[in-house]
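In: Provide a 3D model corresponding to the input given below.
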Amino acid sequence: MRHPALTAMALSVALALPALPAAAQSYSNVYFFGDSLSDVGAFGGLSGLPSNARWTTNYGANWTDGLAARLGFVSRPNNPANPHVAPGGNNYAQGDAEANPAASARQPADPAGAPTSEAIAVTHLQGQLGTYLAQHGQVDANALYSVWIGGNDVITAVGRGAGVTSYLTASATSTVGAVAALKGAGAQTILLPNLPDVGAAPLAVFASIRTAVPPAGLATAWGAAWARLAAANGAYDPAAVAQALAAADAAAGLPAGTLAGVYALVRPGLEQASSGYNQLVDIGLNATGQTHGIIRADIGGLFREILADPAPYGFTNVVGAACPFNALYCSDPTGATAGYVFTDQLHPTPGAHALIADYVAGLLQAPYFAGGLPEAGLGNARQLSAGLGSRLAALRAQPRPTGTASLFVQGGFDGTRTEFGPTGLDNHGQLYTLGIDLQASEAFAVGLAVSRQAGDTDLSYRGTPGSVKDRSTLLSAYASYAPGALWIDGTIHAGSGKLHTRRQVVLGPRTLTLEGSPNQRQYGLGLHGGYDAAFGSVRTGPVIGLDYARVKVSHFTEEGDSSSRMHFSDQRLESLIGRLGWQARMDIAGRYVPYVKAAFAHEFKRDERTVTSGVASTMGSWTTRLQAPDDNWMEWTAGVTASLSKSAALYGQVTATTGRDGGNQAAGNIGLAISF
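Out: Sure thing, here's the model as predicted:
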């Protein structure tokens, strides 16, 4: 972005601009297109500039550096027109670039904004895409593409005074065309941040002064205003802006209130143009059917939140600028302006850039958090299957007379670590069950049970934590048929409940907790069997089993009004686990029956799956692919049934897994049964 040369025509901008219609995944690489907000050295080496010259204080890291590092890459400039830039970079953004195909500019410029003697033509958006396609030949479908542009288009459009809407329409059309070109060539995921309110930056004050003050007095007037703005603290304060304009009036010898009147027209014009460009891009994406595959990061919303309450984000000044001149030359060796949001009239400081990187990274991480939610439902099925299995083992261990009924209570815990790709889940299940069963015949028993989940699951993605509380209720039925040494067990269950999600988003020194309340439904069934050969008091033999579970988590939108809020589509997850093993049990004095079991387990249905997400405050959505967890492991179980009296029995078991890449399970349950 650049400093505007707004003419007196900007005085009528509010009339000239009519109302516009409303409108992380493991990536193989990341590519950036845009303007000075993303430029990391496209003009480095020219006119004595260092190779990493960019529009921020001390040539610090900008948001592309931070985001690329999060994804495991480095943001490197790519500008074939500059002989000082090494080939092969992934960042094609250039300062002063526009989306509008009619734009023309040269960079680098000197501190006053005039092109230097070594300045070269700026490559605008369509040219940047052309360079990328020429160098690569084809689009990498698994890469992330960023297109953040439009600020210079807004400044140019408002500076023209007339034809603002038509200029921005052409700019928005070009932006939508760039998205279409990338998607048409095979790009799957495009980061397309919206524009913040350009008028909320110090630019509006500078533009007002430049409009009304003759060139000879411009530096003095702006210097007076800049000094007042630099002294401001706290949230965005219109009074500080008014004082700066009054100081500029006095410095330029203008009647009091002159610049305030100009500002009253320029400020809304810039705001309306920024919003209008965003709306036109949204309209274009909708009209061309390109809303999917788009991460429409709400940078505008993020900056509104920062300006309204800067302290939690680590900022002390949101109306002033670290330097009164071009950010390309802004140096602050003492760090005195570390708390500023703006480097110059428009460009963010490294601190603000870092916050943008945090914000975008949070959006990319969110689908992994949501992708872990159905795992809570599978945890229910896993716990219930183990609990009912323990109860059925107790029935076989100590046979009851025909017609005997038993009422039982049971508590279970589950500590399971599951990883798929960069996502990790730690399940802390607590399943409580109340049931009744009947010995219908010597060989056949049936039962019913109701269970309540009271556990939590901790989710993390590369260190970003979150959690989900599961409060599901499950109804189950089970049966056992054991005519002799052969036995067969069957179970079926269905349930539903509410999940309470808490996703944490780190934005600089501030951590936000975003909550949601999706619904969850599930059902499943199991079939298990074995053969118990008798050797005195010991019975042993093979076991085989199959457990199926299906979970659906409803679509939901996180609560509140934060720009980090997300919405997530429905998710369905299936599991089909087969087991083959061996077990043995021993009858001790007719009162205690301990048993052990070892089984190889294989997951048949846990393939890679996807999650569709979007930013709640903007349009668009994108799909994130989740890796499948490991599908082979060993299970080791030990349990016991103890007869306390003729009518009371205590039973329980513990299970652990080994050999499962990405995490293992430790679980157990204990129950008390009363027969009558």
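
In: SS state for Asn286?
Out: Using DSSP: H, G, I helix; E, B strand; the rest coil, the three-state assignment for Asn286 comes out as helix.

In: Start at 35, not 1
Out: Shifting the count to begin at 35 puts that one at Asn320.

In: That one against Met653, yeah?
Out: Yes - under the criterion of Cβ atoms under 8 Å, Asn320 makes contact with Met653 at 7.1 Å. Backbone N, C-alpha and C define where each C-beta goes, glycine included.

In: Compare neighbour counts for the two and give me the winner.
Out: Met653 (18 against 14; other Cβ atoms under 10 Å).

In: What number of residues are in the vicinity of the closest residue to the more buried one other than its chain neighbours?
Out: Distances taken as Cβ to Cβ, 6 or more residues apart in numbering put Asp316 closest to Met653, at 5.3 Å, once the chain neighbours are dropped. Residues contacting Asp316 under the criterion other Cβ under 10 Å number 23.

In: how far does stretch 658-676 stretch from start to finish?
Out: 50 Å (Cα to Cα, to the nearest Å).

In: Tell me how many other residues crowd the residue nearest to Ala136 when sequence neighbours are not counted.
Out: Sequence neighbours aside, Ala204 is the residue nearest to Ala136 in space, at 6.9 Å (criterion: Cβ to Cβ, 6+ apart). Neighbourhood size, Ala204 [other Cβ under 10 Å]: 20.

In: Also Gly411?
Out: Residues lying near Gly411 (other Cβ under 10 Å) number 30.

In: And for Arg330?
Out: 24.

In: Same question for Pro145.
Out: Neighbourhood size, Pro145 [other Cβ under 10 Å]: 14.

In: ok, back up a step: in contact with the residue nearest to Ala136, which residues?
Out: Shown in contact with Ala204 (Cβ atoms under 8 Å, 6 or more residues apart in numbering): Asn134, Pro135, Ala136.

In: What does the pLDDT read for it?
Out: Confidence at Ala204, expressed as pLDDT, is 98.

In: That one sits in which helix or strand?
Out: For Ala204, the host element (DSSP states H and E) is helix 198-218.

In: One more: Arg244?
Out: In this structure, Arg244 sits in helix 237-246 according to DSSP H and E.

In: ok, back up a step: could the contacts of Ala204 be laid out in TSV, adding distance to Trp521, neighbour count and pLDDT?
Out: Output for these, formatted as TSV (distance: Cβ to Cβ, whole Å; neighbours: other Cβ atoms under 10 Å; pLDDT from 0 to 100):
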residue	distance to Trp521	neighbour count	pLDDT
Asn134	76	25	98
Pro135	76	14	95
Ala136	81	11	94
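
In: Would you reformat these as a markdown table and include distance to Tyr179 and secondary structure?
Out: Output for the contacts of Ala204, formatted as a markdown table (distance: Cβ to Cβ, whole Å; DSSP: H, G, I helix; E, B strand; the rest coil):
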| residue | distance to Tyr179 | secondary structure |
| --- | --- | --- |
| Asn134 | 20 | coil |
| Pro135 | 20 | coil |
| Ala136 | 24 | coil |
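
In: Of all the residues in stretch 251-266, which ones are buried?
Out: Going by neighbour count (16 or more other Cβ atoms under 10 Å), the buried part of stretch 251-266 is Gly251, Leu252, Ala255, Trp256, Ala258, Ala259, Trp260, Arg262, Leu263, Ala264, Ala266.

In: Compute the mean per-residue pLDDT across it, please.
Out: Summarised as a single mean, pLDDT over stretch 251-266 is 96.

In: ok, residues contacting that stretch?
Out: Contacts with stretch 251-266, where a contact means Cβ under 8 Å, 6+ apart, come from 236, 239-240, 243-244, 247, 274-275, 277-279, 281-287, 351-355, 358.

In: and it, how far out from the chain's middle?
Out: Centroid separation between stretch 251-266 and its chain, computed with Cα atoms, centre = their mean, to the nearest Å, is 40 Å.

In: do you know how far the residue nearest to Ala95 when sequence neighbours are not counted is from Ala395?
Out: Closest residue in space to Ala95, ignoring its immediate chain neighbours: Pro384 at 5.7 Å, by Cβ to Cβ, 6+ apart. Pro384 sits 16 Å away from Ala395, going by Cβ to Cβ, to the nearest Å.

In: Equivalent analysis for Gly500, please.
Out: 14 Å.

In: do the same with Ala623
Out: Per Cβ to Cβ, Ala623 is found 62 Å from Ala395.

In: Gly693 too?
Out: For Gly693, the distance to Ala395 equals 34 Å [Cβ to Cβ].

In: quick one, which of these two is more surrounded?
Out: Per other Cβ under 10 Å, whichever of Gly693 and Ala395 has more neighbours is Ala395, with 23 against 12.

In: Report the secondary structure state of the more buried one.
Out: What three-state DSSP gives for Ala395 is helix.

In: Now it: closest residue in space that isn't a chain neighbour?
Out: Computed as Cβ to Cβ, 6+ apart, the closest residue to Ala395 that is not its neighbour in sequence is Arg104, at 4.7 Å.

In: Cool, thanks, signing off.
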